[in-house]
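Colleague: Sequence first, then the predicted structure:
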Amino acid sequence: MSGHSKWATTKHRKAAQDKKRSALFSKLSRMITVAAKEGGDPNPDNNAALAAAIAKAKSYSLPKDKIEAAIAKAFGGGEGAAYEEVVYEGYGPAGVAIYVEALTDNRNRTAADVRSLFTRAGGNLGSTGSVAFQFERKGQVTVEGVADEDELMLLVADAGGEDMEHAGDEWLVYTAPAELAAVSRALEESGVSVRGAELVMEPTNTTIVSVEDAKKVLRLVDALEENDDIQTVYHTMELTDEIAAALDE
């Protein structure tokens, strides 16, 4: 039986984002501005959402000056567009559940764009809650340069982490959402190289599909991520070793 390839998931996502570096920076800056504004505090020590947004931005190498500018924009007296967080849920090819997080200044425009992308991919946009129950919100800390798995396991436990998973050259440490910043900070203080931290939606059950259907699903995911309003796309598709190998061809 083919095993689940967390590395394939991570690698595909990073590769897609790297192709759209300038657009990604714009999305990360928008995310920081919204987190700072909604949290009402420009200090990440007092604003957990902002701390998570900054950690995610740093993991994608968003420059420090852009992070500071995004925070300043949140308290700039209402300058610029007012963005709101919106979630879209639906099913893609082969019945794969897809959960989409967006920041938009125009709900109607974004909803129409997302619906069109689902339809063209052979899927359908659902109502609120139609797929959310198939995911669980978690904190995810990405660490690298770990030589001893047992030692990391002890450090993760001491830091308050709940679980860990190997992903190629990295380890993904999972936490309760509210503990993300604290666990990330504790791991750094213990000498672990932390490359990033973010809140994610992990599927509680995955859907096994063919290689051909997997390619269709990933084309939809890529198309959604290319939309300026879309921040993150999650899916329940099982990326098996067979599919990972086919994607690398």
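Modeller: Cool, the structure landed.

Colleague: what are the ranges of the strands in this protein?
Modeller: Using DSSP state E, the strands of the chain run over 84-91, 97-104, 124-125, 135-144, 163-167, 170-175, 193-203, 230-235.

Colleague: For Ser116, which of those is the nearest?
Modeller: Closest to Ser116 of those is strand 124-125 (CB to CB; 9.2 Å). (Glycine included, C-beta is placed from N, CA and C.)

Colleague: Give the rounded mean pLDDT of that closest one.
Modeller: Across strand 124-125, the average pLDDT comes to 94.

Colleague: Can you show me the helices along this protein?
Modeller: Using DSSP state H, the helices of the chain run over residues 6-19, 21-39, 48-59, 64-74, 107-120, 149-159, 180-189, 211-226, 241-248.

Colleague: Can you lay out these as TSV showing distance to Val86, mean pLDDT and mean neighbour count?
Modeller: Putting these into TSV (distance: least, CB to CB, whole Å; pLDDT from 0 to 100; neighbours: other CB atoms under 10 Å) gives the following:
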stretch	distance to Val86	mean pLDDT	mean neighbour count
helix 6-19	20	57	16
helix 21-39	11	84	20
helix 48-59	16	86	23
helix 64-74	19	89	16
helix 107-120	6	96	16
helix 149-159	33	93	15
helix 180-189	22	91	20
helix 211-226	13	92	19
helix 241-248	29	77	16
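
Colleague: picking that back up, ok, which of the strands of the chain comes nearest Ser29?
Modeller: That would be strand 97-104 among the strands of the chain, by CB to CB, at 10.5 Å.

Colleague: For the closest one, give me every contacting residue.
Modeller: With CB atoms under 8 Å, 6 or more residues apart in numbering as the test, strand 97-104 has contacts from 27, 30-31, 34, 83-92, 110, 114, 118, 123, 131-132, 134-135, 201, 203, 207, 217, 220-221, 224, 227, 229-236.

Colleague: and what of stretch 136-152?
Modeller: Here stretch 136-152 has contacts from 52, 59, 161-162, 164, 166-167, 169-180, 183-184, 187, 192-204, using CB under 8 Å, 6+ apart.

Colleague: circling back to that earlier point, format the helices of the chain as CSV; extra columns: distance to Thr142.
Modeller: Shown next, in CSV, are these (distance: least, CB to CB, whole Å):
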stretch, distance to Thr142
helix 6-19, 8
helix 21-39, 15
helix 48-59, 6
helix 64-74, 18
helix 107-120, 28
helix 149-159, 12
helix 180-189, 9
helix 211-226, 19
helix 241-248, 19
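
Colleague: Show me how the chain divides into domains.
Modeller: Following automatic domain parsing, one finds the domains of the chain at 20-74, 84-133+206-248, 134-203.

Colleague: Which among the contacts of strand 97-104 count as buried?
Modeller: Taking 16 or more other CB atoms under 10 Å as the criterion, what is buried in the contacts of strand 97-104 is 27, 30-31, 34, 83, 86, 88-92, 110, 114, 118, 123, 131, 134-135, 201, 203, 207, 217, 220-221, 224, 227, 229-236.
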